[in-house]
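Colleague: Sequence below, structure please.
(one chain, ligands or ions: 1)
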Amino acid sequence: MAVAAFGELNMEEAPPIWGSRSVDCFEKLEQIGEGTYGQVYMAKDKKTGEIVALKKIRMDNEREGFPITAIREIKILKKLHHQNVIHLKEIVTSPGRDTDDQGNPDNNQYKGGIYMVFDYMDHDLTGLCDRPTHMRFQVPQIKCYMKQLLTGLHYCHVNQVLHRDIKGSNLLIDNKGNLKLADFGLARSFSHDHNGNLTNRVITLWYRPPELLLGATKYGPAIDMWSVGCIFAELLNGKPILPGKTESDQLTKIYELCGSPDENNWPGVSKMPWYNQMKSSRTLKRRVREIYPHFDRHALDLLDKMLALDPSKRISAKDALDAEYFWTEPFPCDPKSLPTYESSHEFQTKKKRQEMRQNEEAAKKQKLQHPQHSRLPPQQHGVGQSHAASHWPAGPNHLMNNAPPPQLPAGGPSGHHYYQNQRGGAPGPNRYHPSGNQTGGYNNQSRGGYSSGSFPSQGRGAPYGAGPSGGYGVGPPNYSQGGGGGQYGRGQNPTGGARNQQYGWQ
Ligand SMILES: Nc1ncnc2c1ncn2[C@@H]1O[C@H](COP(=O)(O)OP(=O)(O)OP(=O)(O)O)[C@@H](O)[C@H]1O
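Modeller: Here you go, the predicted model:
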């Protein structure tokens, strides 16, 4: 294929050489995301018509070249190939400014835009959950998503990658019912014999496990499993279960649900860096089963194991996939049987909600300014609830194909109607391929399990050092805690400043 000459961008060919094509090969259609990293756009490949997602790498504050977070994300995603992990298709670029603001030549060769090109996914889980209560997911649908989430995460962990930012907006779902883990901007490789310290400033606050909140700098896959537990409970409960406002509030909420940690339920906890500062003033007992008595027995068993305070007792992704929950009726449905919905991303649903709020406020203001309006005669035709409902932006009409709720699988585990029936006859760890790949289709780099993955650990200095209250104040998320009929009402991303590159996180 023709390769663009140095300084020129290739508008012609398919992209075996990453970064050789220009972003002008794509037509930007609309913005679908706004992250710490930059904007995400839905775009169309001008040549093939394929719809993709373009994630712009933000480089505003980069004095030292290309951001390390982006390098890690690209490096990790280039190696991960799995049906439940987002596929990075290529990198494209746009020409940079050749002078700086003062008109001097700009030596930063990366100043132009750099974009990651991904398969387009119609929804993220947060956007999809943000619908009226009566459109909540059915149990087979929840099982289907959870199973895919765990399968993708198991694959990452076997390949020695910690995701470190599992949350609804990073779980992407397409209209074929496929769920993929996305946003590997905080991910890193790990190994069990790695002795260096890792930063504990990772994972969005509501999904952050107690060991990170207590200052752990040595951790492993269990941190992601805590987040998975929070997502699982959120799917069953209809709203986030631990919406802390600050790190200490987050720990308080965790203790109120899971009990206060002590040497009996978590040996070694009293030696954790911030244990004394953050310990509960009184002993609290574990209340997971008490607070969620309406969850079914197997769901509760699994949730309880995901939300184990002691990370060494927390269930792994592999064992979770083997839990009774997934192997008892109603079984996980086939992703293809799931209804298709109008595209929904957290960014868009937030924007819609904001617009609605603004319209309501404007209407109220107008009413106050022109009180005579309230004296208008009642409308002639019936304006009942149904009329009001037709203005609801995310009502049932958003179900594009009006598909019925997901079908329960016919037959038992041996029937071929239900999703990925491959629980081996014998119970135990062999039910899943150690590589995490159920079809064997990807490059298996780590048959030896956790200790022999393909990524070397990347030891770096760790200038993180601030205490739990230090440095990166977490503003209260703009989250309505008033219930609100099970809607999410999620506002600001409650990330604890984790992605802030100036902390040189590891
Ligand atoms: N491949 C994709 N297809 C469709 N939408 C996507 C895709 N990738 C990302 N998005 C949308 O953009 C949002 C932000 O993307 P992403 O999380 O990768 O960016 P980020 O800058 O790392 O964000 P954050 O700061 O929230 O972690 C996602 O929540 C999702 O709604």
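
Colleague: going forward, measure contacts between C-alpha atoms and count neighbours the same way
Modeller: OK.

Colleague: which residues touch the closest residue in space to residue 207 that isn't next to it in sequence?
Modeller: The shortest distance from residue 207 to any non-neighbouring residue, by CA to CA, 6 or more residues apart in numbering, is to residue 227 (4.6 Å). Residue 227 is in contact with 166, 167, 207, 208, 209, counting by CA atoms under 8 Å, 6 or more residues apart in numbering.

Colleague: want to throw those residues into JSON lines with pLDDT, secondary structure and neighbour count?
Modeller: Converted to JSON lines, the contacts of residue 227 look like this (pLDDT from 0 to 100; DSSP: H, G, I helix; E, B strand; the rest coil; neighbours: other CA atoms under 10 Å):
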{"residue": "166", "pLDDT": "98", "secondary structure": "coil", "neighbour count": "29"}
{"residue": "167", "pLDDT": "97", "secondary structure": "coil", "neighbour count": "24"}
{"residue": "207", "pLDDT": "98", "secondary structure": "helix", "neighbour count": "30"}
{"residue": "208", "pLDDT": "98", "secondary structure": "coil", "neighbour count": "31"}
{"residue": "209", "pLDDT": "98", "secondary structure": "coil", "neighbour count": "29"}
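
Colleague: List just the nearest of the residues you listed to residue 274.
Modeller: Comparing these against residue 274 with CA to CA places residue 209 closest, at 13.8 Å.

Colleague: from what I can see the closest one touches residue 226, true?
Modeller: Yes - in this structure, residue 209 is within contact of residue 226 by CA atoms under 8 Å, at 5.6 Å.

Colleague: so is residue 156 in a helix, a strand, or just coil?
Modeller: On the three-state scheme (DSSP: H, G, I helix; E, B strand; the rest coil), residue 156 is labelled helix.

Colleague: quick one: it and residue 149 touch, right?
Modeller: No - with contact defined as CA under 8 Å, residue 156 does not reach residue 149; the gap is 10.7 Å.

Colleague: Please state the backbone phi and psi of residue 32?
Modeller: Main-chain dihedrals, residue 32, degrees, to the nearest 10: phi -120, psi -10.

Colleague: Would you mind measuring from it to residue 69?
Modeller: Distance, residue 32 to residue 69, by CA to CA, to the nearest Å: 21 Å.

Colleague: With just CA atoms, put the longest helix anywhere in the chain into PDB.
Modeller: When the chain is parsed with DSSP state H, its longest helix is helix 346-369. Coordinates of each C-alpha in helix 346-369 appear next as PDB, following Å, rounded to 0.1, in the frame of the first residue of the first chain:
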ATOM      1  CA  GLU A 346     -24.100   9.100  29.400                       C
ATOM      2  CA  PHE A 347     -23.000  12.400  27.700                       C
ATOM      3  CA  GLN A 348     -26.200  12.600  25.700                       C
ATOM      4  CA  THR A 349     -28.600  11.600  28.500                       C
ATOM      5  CA  LYS A 350     -26.900  14.200  30.700                       C
ATOM      6  CA  LYS A 351     -27.300  16.800  28.000                       C
ATOM      7  CA  LYS A 352     -30.900  15.900  27.400                       C
ATOM      8  CA  ARG A 353     -31.700  16.100  31.100                       C
ATOM      9  CA  GLN A 354     -29.900  19.500  31.300                       C
ATOM     10  CA  GLU A 355     -31.900  20.800  28.400                       C
ATOM     11  CA  MET A 356     -35.100  19.600  30.000                       C
ATOM     12  CA  ARG A 357     -34.200  21.300  33.200                       C
ATOM     13  CA  GLN A 358     -33.400  24.500  31.400                       C
ATOM     14  CA  ASN A 359     -36.700  24.400  29.500                       C
ATOM     15  CA  GLU A 360     -38.600  23.800  32.700                       C
ATOM     16  CA  GLU A 361     -36.900  26.700  34.400                       C
ATOM     17  CA  ALA A 362     -37.600  28.900  31.400                       C
ATOM     18  CA  ALA A 363     -41.200  27.900  31.400                       C
ATOM     19  CA  LYS A 364     -41.500  28.600  35.200                       C
ATOM     20  CA  LYS A 365     -39.800  32.000  34.700                       C
ATOM     21  CA  GLN A 366     -42.200  32.900  31.900                       C
ATOM     22  CA  LYS A 367     -45.100  31.900  34.000                       C
ATOM     23  CA  LEU A 368     -44.000  34.200  36.800                       C
ATOM     24  CA  GLN A 369     -43.400  37.000  34.400                       C
END
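
Colleague: wait, does that helix contact the ligand?
Modeller: Yes - judged by CA under 6 Å from any ligand atom, helix 346-369 comes into contact with the ligand at residue 346.

Colleague: in that helix, what's buried?
Modeller: Buried residues in helix 346-369, counted by 16 or more other CA atoms under 10 Å: 346, 347, 348, 349, 350, 353.

Colleague: wait, the fourth one sits on residue 131?
Modeller: Read it as residue 349. No - between residue 349 and residue 131 there is no contact under CA under 8 Å: 9.3 Å.

Colleague: Spell out which residues of the protein are next to the ligand.
Modeller: Going by CA under 6 Å from any ligand atom, the residues of the chain near the ligand are 32-38, 40, 53, 118-122, 124, 169-170, 183, 185, 345-346.

Colleague: Show the buried residues in those residues.
Modeller: 32-33, 37, 40, 53, 118-122, 124, 169-170, 183, 185, 345-346.
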